[in-house]
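Colleague: Could you look at this predicted model? Sequence included:
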Amino acid sequence: MSNVKKMQEALERRRASGIKNKPPENNLIKRYGLKEGTRKESIYMMCFSCEGGDIDYLPDPGWKKGIGNCVITDCPLYKWRPYQPRS
């Protein structure tokens, strides 16, 4: 099964669990996506969407930790991802 298929299935499970969305300011796509943003904001939005977030859905509460501990090392944005553990 491909990574994309796994991510889509995980997203569907999260949505089916009925997790309520938090206010728009916690949704990075709503915060940054409605304007022409900076490179940093674009990377934040891409990582947020990869973790399962979209304009109408906020992933589980641990999404920042999930981004910081990302294991997709072949992603072109991997070394610039936000919320990385301090070394």
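Modeller: The structure has been received and is ready for your questions.
Colleague: alpha carbons only for contacts and neighbour counts from here, please
Modeller: Noted.
Colleague: Find the centremost residue of this structure, please.
Modeller: F48 (1.7 Å; C-alpha atoms, centre = their mean).
Colleague: Now do the same contact list for that residue.
Modeller: 28-29, 54, 63, 67 (C-alpha atoms under 8 Å, 6 or more residues apart in numbering).
Colleague: Just name the lowest-scoring one in those residues, pLDDT-wise.
Modeller: In terms of pLDDT, the lowest of the contacts of F48 is I29, showing 68.
Colleague: what's the distance between G62 and D54?
Modeller: Using C-alpha to C-alpha, to the nearest Å, G62 is found at 15 Å from D54.
Colleague: who has more neighbours, the two?
Modeller: D54 (18 against 9; other C-alpha atoms under 10 Å).
Colleague: which residues of the chain fall in helices?
Modeller: With DSSP state H as the criterion, the chain has helices at 3-16, 28-32, 39-50, 63-68.
Colleague: Might you list the low-confidence residue ranges for the chain?
Modeller: Across the chain, the ranges flagged by pLDDT under 70 are 1-4, 7, 11, 14, 18-26, 29-30, 32-35, 87.
Colleague: Let's see that with 80 instead.
Modeller: Where the chain drops to pLDDT under 80, the residues are 1-37, 54-61, 86-87.
Colleague: Alpha carbons only: can I get stretch 59-66 in PDB?
Modeller: Output of stretch 59-66 as PDB, limited to C-alpha atoms (Å, rounded to 0.1, in the frame of the first residue of the first chain):
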ATOM      1  CA  PRO A  59      -5.900  16.700  12.700                       C
ATOM      2  CA  ASP A  60      -5.500  15.200  16.200                       C
ATOM      3  CA  PRO A  61      -4.000  17.300  19.000                       C
ATOM      4  CA  GLY A  62      -0.500  15.800  18.500                       C
ATOM      5  CA  TRP A  63      -0.100  17.100  14.900                       C
ATOM      6  CA  LYS A  64       2.800  19.500  15.700                       C
ATOM      7  CA  LYS A  65       4.800  16.600  17.300                       C
ATOM      8  CA  GLY A  66       3.900  14.500  14.300                       C
END
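Colleague: Okay then, goodbye and thanks.
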